[in-house]
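Enquirer: give me the fold of what follows.
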Amino acid sequence: MSRTIRSMGFYYMKQEVWRDIPGYEQYYQVSNYGNVRSLDRKVKQKGRHFRIERRRIIALCLDNRGYHRIRVSKYNVQETLKVHRLVASAFCLNPESKPEVNHKDGLKTNNYYKNLEWVTMAENMRHSSEIGLRDNMPRGNDHHNSKLNEFQVRVVKRTSVKDINNGMLAKCFGVHISAIERVRSGKTWSHVK
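Expert: Residues are numbered from 1 along each chain as shown. All right, here's what the predicted structure looks like:
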């Protein structure tokens, strides 16, 4: 399958390339455009009968975070896979073995291989902040993992370690010492001055 791409007034054809999904060779393939298809194969039915299941494009679903996913099965065992990770694994080099896949344009449903890159968690977070995806994220008291409130954070930031050590503050506020350490180092609650 080929696609027509328009660039600077010119139309040119881009070929859709298919590669096997690791672990599902001879069952499923992913394309450089983010499509997934099942391959022709014999499927055993009751008794000694087989039927031929023809190659087809699989419909993509959205997960609760907005990413495309698919369900694949082999030997009656089903698995859910994220399409952007399949495309990146098949078409994007990862010489540094980075663990996460980033969408360069910020659109979670654009799984074209040139829009994907392997990144670290820190690089992924930085990119989402730079393009404005994290602006609407809950912060401070509104965050679901918040152990401290804004008043407590201000107390932690105003006191020095010489005055009150991290352990004393943790006992006082009923949190683990690491919560106090993360506030003092600026890893959390950095928006509170």
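Enquirer: now do the helices in the chain.
Expert: 83-91, 121-130, 150-158, 166-173, 177-185 (DSSP state H).
Enquirer: just name the most buried of those helices.
Expert: Among the helices of the chain, ranked by average contacts under mean count of other CB atoms under 10 Å, first place goes to helix 83-91 (a mean of 21). To be clear about C-beta, it is placed using only N, CA and C from the backbone, and glycine gets the same treatment.
Enquirer: once you drop chain neighbours, what's closest to residue 78?
Expert: Once flanking residues are discounted, residue 78 sits nearest to residue 71: 5.6 Å by CB to CB, 6 or more residues apart in numbering.
Enquirer: what's the burial count for that neighbour?
Expert: Neighbours of residue 71 under the rule other CB atoms under 10 Å: 11.
Enquirer: quick check: bridge partners of it?
Expert: residue 80 (DSSP bridges).
Enquirer: which one of the helices of the chain lies closest to residue 27?
Expert: Nearest to residue 27 among the helices of the chain is helix 83-91 (12.8 Å), distances taken as CB to CB.
Enquirer: ok so, going back, wait, the residue nearest to residue 78 touches residue 83, no?
Expert: No: if you go by CB atoms under 8 Å, residue 71 and residue 83 don't touch, sitting 11.5 Å apart.
Enquirer: from residue 29, how far off is the closest residue to residue 57 other than its chain neighbours?
Expert: Spatial nearest neighbour of residue 57, excluding adjacent residues (CB to CB, 6+ apart): residue 37 at 5.0 Å. From residue 37 across to residue 29, the span is 6 Å (CB to CB, to the nearest Å).
Enquirer: which residues are common contacts for the two?
Expert: Common contacts of residue 37 and residue 29 (CB atoms under 8 Å, 6 or more residues apart in numbering): residue 18.
Enquirer: those two: which is more packed in?
Expert: Neighbours were counted for residue 37 and for residue 29 using other CB under 10 Å; residue 29 has more, 20 against 15.
Enquirer: list of residues touching stretch 150-163?
Expert: Under CB under 8 Å, 6+ apart, the answer for stretch 150-163 is 140-141, 148, 169, 173, 180, 183-184, 189, 192-193.
Enquirer: how does the chain divide up, domain by domain?
Expert: 2-130, 140-185 (automatic domain parsing).
Enquirer: can I get those domains in TSV including mean pLDDT?
Expert: Below are those laid out as TSV (pLDDT from 0 to 100):
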stretch	mean pLDDT
domain 2-130	87
domain 140-185	81
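Enquirer: surely residue 52 meets residue 44?
Expert: No: in this structure, residue 52 is not within contact of residue 44 by CB under 8 Å, at 11.5 Å.
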